[in-house]
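1. structure of the sequence below:
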Amino acid sequence: MYMKAHSKSKALQQYLNELGILSGPPDAIKAAKKVYRLRYKREWAKSCLRNRNIRPCFTSSEYDGIVTRATLYGVTVTTYVRNLVISAQEGADLIPNKDQLLNVLQAVSMALIAYKKDSNSIEVEALVWQAETMLLQYLSIT
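-> Okay, the predicted model is just below:
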């Protein structure tokens, strides 16, 4: 009895081919597969230790909420969860759309500079209104 040519795992097929066992007895193929799977699982476990994978499980409603927040932040679910855990670990807040908030800060800084430089009230007022509008937009999406 020969092993099927359509193996699910190309790596397993290659391993058996390298051993030259494909045309051997079924018991030898079965034993070789078992050795391969044990090695594969051992290597997988080692890689998990190096990468320190965590696989949390969520209910459907929890996951939907996470997807919504990740979309709001403009990142993937995995990136959102990773950033959330790391920010909690560091005691920092996770800031959504940080670029938008930096634009607001820039507008406020420009208004302050214009005020100190010239005290041209029209320019300062326009920059402050711009900053306020941007901040309100930012707050409405978070």
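
2. just the CA trace of stretch 125-133, in PDB.
-> Output of stretch 125-133 as PDB, limited to C-alpha atoms (Å, rounded to 0.1, in the frame of the first residue of the first chain):
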ATOM      1  CA  GLU A 125      -9.100  83.600  16.500                       C
ATOM      2  CA  ALA A 126      -9.100  81.700  13.200                       C
ATOM      3  CA  LEU A 127      -6.400  79.300  14.400                       C
ATOM      4  CA  VAL A 128      -8.200  78.800  17.800                       C
ATOM      5  CA  TRP A 129     -11.500  78.100  15.900                       C
ATOM      6  CA  GLN A 130      -9.700  75.600  13.700                       C
ATOM      7  CA  ALA A 131      -8.200  73.800  16.700                       C
ATOM      8  CA  GLU A 132     -11.600  73.700  18.400                       C
ATOM      9  CA  THR A 133     -13.300  72.300  15.300                       C
END
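
3. can you give me the buried ones in it?
-> Buried residues in stretch 125-133, defined by neighbour count with 16 or more other C-beta atoms under 10 Å: L127, V128, Q130, A131. For the C-beta atoms, the positions are set from N, CA and C on the backbone; glycine is no exception.

4. got the contact list for that stretch?
-> Applying C-beta atoms under 8 Å, 6 or more residues apart in numbering, the external contacts of stretch 125-133 come out as V104, A107, V108, M110, A111, A114.

5. mind checking which of these are in helices?
-> V104, A107, V108, M110, A111, A114 (DSSP state H).

6. which residues are in contact with the fourth one?
-> Residues in contact with M110, defined by C-beta under 8 Å, 6+ apart, are L127.

7. cool, thanks, signing off.
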